[in-house]
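Student: Quick one, what's the 3D model for this:
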Amino acid sequence: MPPDLRARAHVEHCVTPACLERLHAAFADLWRRAPEVPDEDRLLFETAVVEIAANVIEHTERRESFDADVRLRVSPGLLEADVVDSGAFVPLDLDGDLPADDLATAGRGLPLARRAVHELRHHHDGEHNHWYLMRRWSTVP
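Tutor: Below is the predicted model of the structure:
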């Protein structure tokens, strides 16, 4: 592990709703190995990553042999995640706002994830969707 990397986790083959339990378990292990990360940053980052993973599981147009992986990293002052899936390209509006209807359940995931992290990016390289999430946290107690 690089010297500035405090902890990391990898959840492979995250393609069914049951994977979200494995993802939460990976986060629990990550936080045990990086106890210095403030609770608020943990909660917001985990929420954002789980929202993106859930969207991939539920909404991605799957090709034959669909797969998805989630990689998590904790460095001093930085939480990062990469979610990579083999689904088809879908144009997305990452700047969209929350639905006007407070009771609406659809259309909330991406805006909530975007608000919970400092950076949320998505691109498709012709074969894979790549999601990158980053949240800065204070290393000062």
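
Student: Which of the helices or strands spans Glu80?
Tutor: strand 78-85 (DSSP states H and E).

Student: got the contact list for that strand?
Tutor: Residues from elsewhere that reach strand 78-85 (C-beta atoms under 8 Å, 6 or more residues apart in numbering): 14, 37, 41, 45, 48-49, 52-53, 56, 60, 66-73, 128-137. (Each C-beta comes from the backbone N, C-alpha and C, glycine too.)

Student: buried ones in the helix or strand just after it?
Tutor: For strand 78-85, the following helix or strand on the C-terminal side (DSSP H and E) is helix 109-116. Of all the residues in helix 109-116, those buried under the rule 16 or more other C-beta atoms under 10 Å are 109-111, 113-114, 116.

Student: Stretch 18-32 now?
Tutor: By neighbour count with 16+ other C-beta under 10 Å, stretch 18-32 contains the buried residues 19, 22-23, 26-27, 30-31.

Student: re earlier: just the ones in helices from the contacts of strand 78-85, please.
Tutor: Using DSSP state H, 41, 45, 48-49, 52-53, 56 are the members of these that sit in helices.

Student: Please produce TSV containing these, extended by distance to Leu79, neighbour count and pLDDT.
Tutor: What follows is these, written out as TSV (distance: C-beta to C-beta, whole Å; neighbours: other C-beta atoms under 10 Å; pLDDT from 0 to 100):
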residue	distance to Leu79	neighbour count	pLDDT
Asp41	6	18	97
Phe45	5	26	98
Ala48	9	25	96
Val49	9	27	97
Ile52	13	24	94
Ala53	15	27	95
Val56	19	22	89
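
Student: What sits closest to the residue nearest the centre of the chain if chain neighbours are left out?
Tutor: Centroid-nearest residue in the chain, with C-alpha atoms, centre = their mean: Val49, separated by 2.2 Å. Ranked by C-beta to C-beta, 6 or more residues apart in numbering and with sequence neighbours excluded, the top spatial neighbour of Val49 is Ala81, at 4.6 Å.
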